[in-house]
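J.: What shape does this take:
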Amino acid sequence: MSLKPFAAKLFAKYIHYKDQKWIDNPVETQKSVFNRLIKDAKETQFGKDHHFDKINSYSDFAKEVPVRDYEDLKPYVEKVVKGEKDILWPGQPSYFAKTSGTTSGAKYIPITKDSMPHHIEAARNAILAYIHETGNASFVDGKMIFLQGSPILEEKHGIRLGRLSGIVAHYVPGYLQKNRMPSWETNCIDDWETKVDAIVEETLPENMTVISGIPSWVQMYFERIQQKTSKKVGDVFKDFNLFIYGGVNFEPYRAKFEELIGRKVDSIELFPASEGFFAYQDSQKEKGMLLLLNSGIFYEFIKADEFHTEDPKRLTIEDVELHVNYVMIISTDAGLWGYNVGDTIQFVSKNPYRVIVSGRIKHFISAFGEHVIAKEVEQSMRAATKAYNTSINEFTVAPQITPEGGELPYHEWFIEFETPPNDMEAFAKKIDETLQEQNSYYYDLIQGKVLQQLKITPLETGAFSDFMKSQGKLGGQNKIQRLANDRKIADELKKFQKS
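T.: Next up, the predicted model:
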C-alpha cells in the first residue's frame with residue numbers, strides 16, 4: 001500500500017467520527033442550522049420583508065415565509081443578478097449556477113462563499129464514507145474521471161456563472177489534481193460528442209479506477225470505449241471498481257452497465273443540485289442516502305398528495321414518517337427561503353435519516369387521477385427487465401388520452417431496447433401488473449376499465465441521444481425526463497419509432 005491510500009483511510013476514519021456528532025443529534029442540528037440562517041439574514045432585504053427580527057421559532061418562520069418555487073422568488077433573484085447586495089443573503093453570491101428552467105427560461109441559482117464549501121465537502125465525504133466502510137482505498141492511486149460540464153465561466157455584473165459541475169471543477173483539491181481526468185482543455189470542449197471522443201482518447205492509456213457522471217452520459221462513454229477497443233470496459237480498465245453517479249436512478253441502467261463493464265462494480269449515489277448538496281450514499285449495506293442536516297440547509301417536507309391543496313401542512317425532520325412521498329422544501333445559506341426544489345423523496349430510515357429520490361413533483365402522470373411517479377415506473381421497468389432477461393438504454397412514459405378508433409386511453413412507454421424481450425406483450429403485462437401493485441389509483445383505473453393496459457413503443461437505437469441533440473441538451477447535466485403528464489416529449493419521440 002502506498003502512502004496515499006493509507007492517509008485516505010486515516011482521514012476517512014476521522015471524518016466518520018466527526019460526522020457522528022450531528023448524525024446522532026439530528027433535531028438539535030437542524031434547529032442550530034435554522035437559528036444561524038435566520039440570524040445571518042436578518043438585515044437582508046428578504047429578511048426585512050419577512051420580519052426575521054421577530055422570528056423566534058419554526059412556527060414563526062412558517063407564518064412569515066411562504067413556500068416558493070423559482071418563479072415566485074425571481075423578483076429577489078433578479079435584483080441579485082443586477083449586482084445589488086444584501087438581497088437574499090449578506091453581500092453578493094460568489095457564483096450563479098445557471099440552469100435551464102421549463103417555464104422561466106434560464107434560472108440563476110446563487111452560490112455563496114458560505115454555501116460553496118458544502119458542495120465540495122459532501123462530494124469528498126461520500127468517497128470517505130465508502131473508504132471507511134469497505135476499507136477499499138487503493139483506487140486513490142489510479143486515475144479518476146468526472147464527466148461534467150465545461151469549467152469555462154461567464155460573468156454577470158461581476159459574478160461568475162456557469163453549470164454547477166463546471167463551477168465545482170475549479171475546486172478539485174490539490175491532492176487529486178494529478179489523478180483527475182479529463183484534461184482542462186478537453187473539459188472545455190462544448191460539443192458533447194466531440195468531448196466524449198476526446199475523453200476516450202485521453203483515458204484509454206490510463207489506469208482508470210473511478211468513473212463518475214450521470215449514468216446516461218457515462219453509458220455513451222463506455223459504448224465509445226467498446227467501439228474503439230472491441231473489449232469490455234472492465235478489461236480495458238482492469239482496476240476500475242467504483243462508479244459515482246447522481247441526478248437519476250441508476251437501477252434502469254444497471255444491467256446495461258454490467259454488460260458493458262463485464263462485471264459488477266461498487267457504486268456511490270449522490271444527491272446534488274445547484275440549490276445544494278442534499279445527501280449521499282453513506283453505506284454499501286443500507287438502502288438510501290444520508291440526508292445532510294449539518295450543511296447550511298434547513299429542511300421542510302410536505303406530503304406530495306397534499307402539496308396542491310390550499311394550505312398543506314409543513315413538517316420538519318422530527319415529524320416525518322417512513323415510506324411517505326414528500327416534496328422537499330429548503331432554506332439555505334445561499335439565500336433560498338422556503339424553496340421548492342421540485343424533488344420528491346421518501347425516508348427509508350430515521351436512524352440515521354436516509355432518503356431515496358422518488359421523482360419530481362412536476363414530473364408525474366395523473367391525466368386520469370392515477371398520480372404515477374418516477375419511482376413507480378422505474379421499479380416496474382426493473383421488475384420486467386429482470387423477469388424477461390432484457391436490457392434497455394433509456395425510456396420515458398406519457399399518457400395517451402385520445403387514442404384512435406375509440407379504444408380506451410392508456411400509458412404509452414417509449415423504450416430504447418438494448419436487448420428486446422422475446423415476448424413484448426408479456427413484457428408489457430409484467431410492467432403493468434407491477435405498476436398496479438405499487439399504485440392503488442392506477443390499479444382501480446385498470447380494473448374499472450377506465451384505462452387499458454400500457455402500450456410499448458420501441459424506438460430506434462440512439463433515439464434518446466438524437467432527441468436530446470435535437471433539443472440542444474446532449475451531455476453535461478442534462479437528463480431525460482422519466483415521465484410527463486403531457487405529450488410534448490412523446491410526440492417528438494414518435495419520429496424515432498422503430499418500424
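J.: next one: the longest helix along the chain to chain centre, how far?
T.: Using DSSP state H, we find that the single longest helix of the chain is helix 3-23. With Cα atoms, centre = their mean, to the nearest Å as the basis, helix 3-23 stands 26 Å off its chain's centre.
J.: Take it, keep the C-alpha atoms, and write them as PDB.
T.: Taking C-alpha atoms only, helix 3-23 is exported to PDB below (Å, rounded to 0.1, in the frame of the first residue of the first chain):
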ATOM      1  CA  LEU A   3       1.100   6.400   1.400                       C
ATOM      2  CA  LYS A   4      -1.900   8.000  -0.300                       C
ATOM      3  CA  PRO A   5      -4.400   5.100   0.400                       C
ATOM      4  CA  PHE A   6      -3.100   4.800   4.000                       C
ATOM      5  CA  ALA A   7      -3.700   8.500   4.500                       C
ATOM      6  CA  ALA A   8      -7.100   8.300   2.900                       C
ATOM      7  CA  LYS A   9      -8.100   5.600   5.400                       C
ATOM      8  CA  LEU A  10      -7.000   7.700   8.400                       C
ATOM      9  CA  PHE A  11      -8.800  10.800   7.100                       C
ATOM     10  CA  ALA A  12     -12.000   8.700   6.400                       C
ATOM     11  CA  LYS A  13     -11.900   7.500  10.000                       C
ATOM     12  CA  TYR A  14     -11.600  11.000  11.300                       C
ATOM     13  CA  ILE A  15     -14.500  12.300   9.200                       C
ATOM     14  CA  HIS A  16     -16.700   9.400  10.100                       C
ATOM     15  CA  TYR A  17     -16.400  10.100  13.900                       C
ATOM     16  CA  LYS A  18     -16.700  13.800  13.400                       C
ATOM     17  CA  ASP A  19     -19.900  13.400  11.500                       C
ATOM     18  CA  GLN A  20     -21.400  11.100  14.100                       C
ATOM     19  CA  LYS A  21     -21.900  14.200  16.300                       C
ATOM     20  CA  TRP A  22     -24.600  15.700  14.100                       C
ATOM     21  CA  ILE A  23     -25.900  12.300  12.800                       C
END
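J.: Residues contacting that helix, please?
T.: 29, 125, 128-129, 131-132, 135, 137-138, 140-141, 175, 290, 293-294, 352 (Cβ atoms under 8 Å, 6 or more residues apart in numbering). Using the backbone N, CA and C atoms, a C-beta is placed for each residue, glycine as well.
J.: switch the cut-off to 10 Å
T.: 1, 28-30, 32-33, 121, 124-125, 127-141, 175, 179, 282, 290-295, 351-353 (Cβ atoms under 10 Å, 6 or more residues apart in numbering).
J.: hang on, residue 390 packs against residue 431?
T.: No. Residue 390 is not in contact with residue 431 according to Cβ atoms under 10 Å; the separation is 11.3 Å.
J.: of the two, who's got more company?
T.: Shown here are residue 390 and residue 431; by other Cβ atoms under 10 Å, residue 431 has more neighbours (27 against 18).
J.: Report the contact partners of that one.
T.: Listed by Cβ under 10 Å, 6+ apart, the contact set of residue 431 reads 377, 379-385, 387-388, 395, 397, 411, 413, 415, 453-454, 456.
J.: try residue 62
T.: By Cβ under 10 Å, 6+ apart, the contact list for residue 62 reads 55, 300, 313, 314, 316, 338.
J.: wouldn't residue 68 be in contact with residue 341 here?
T.: No. Between residue 68 and residue 341 there is no contact under Cβ under 10 Å: 11.0 Å.
J.: which residue ranges form the helices in the stretch 151-300 of the chain?
T.: Assigned by DSSP state H, counting those that start in this stretch, the stretch 151-300 of the chain shows helices spanning 164-168, 174-177, 184-187, 192-203, 215-229, 233-236, 251-261.
J.: which one of those helices lies closest to residue 244?
T.: Among the helices of the stretch 151-300 of the chain, the nearest to residue 244 by Cβ to Cβ is helix 215-229 (9.6 Å).
J.: what comes up buried for that closest one?
T.: Of the residues in helix 215-229, 215, 216, 217, 218, 219, 220, 221, 222, 223, 224, 225, 226 count as buried by neighbour count, 16 or more other Cβ atoms under 10 Å.
J.: Looking at the residues you listed, which has the smallest pLDDT value?
T.: Within the set of these, pLDDT is lowest for residue 216 (72).
J.: and whichever helix or strand residue 469 is part of with helix 192-203, angle?
T.: Using DSSP states H and E, residue 469 sits within helix 463-470. Interaxial angle, helix 463-470 versus helix 192-203 (axes from the mean of the first three to the mean of the last three Cα atoms, to 10 degrees): 110 degrees.
J.: Now do the buried residues in helix 463-470.
T.: For helix 463-470, a neighbour-count test (16+ other Cβ under 10 Å) marks 463, 464, 465, 466, 467, 468 as buried.
J.: Could you do stretch 246-266 as well?
T.: Buried residues in stretch 246-266, counting neighbours by 16+ other Cβ under 10 Å, are found at 246-250, 252-257, 259-261, 265.
J.: What is the nearest of those residues to residue 163?
T.: Proximity of those to residue 163 (Cβ to Cβ) peaks at residue 247, which lies at 12.3 Å.
J.: Leaving out sequence neighbours, find the closest residue to residue 373.
T.: With sequence-adjacent residues excluded and distances taken as Cβ to Cβ, 6 or more residues apart in numbering, residue 373 is closest to residue 359, at 4.1 Å.
J.: Alright, calling it a day.
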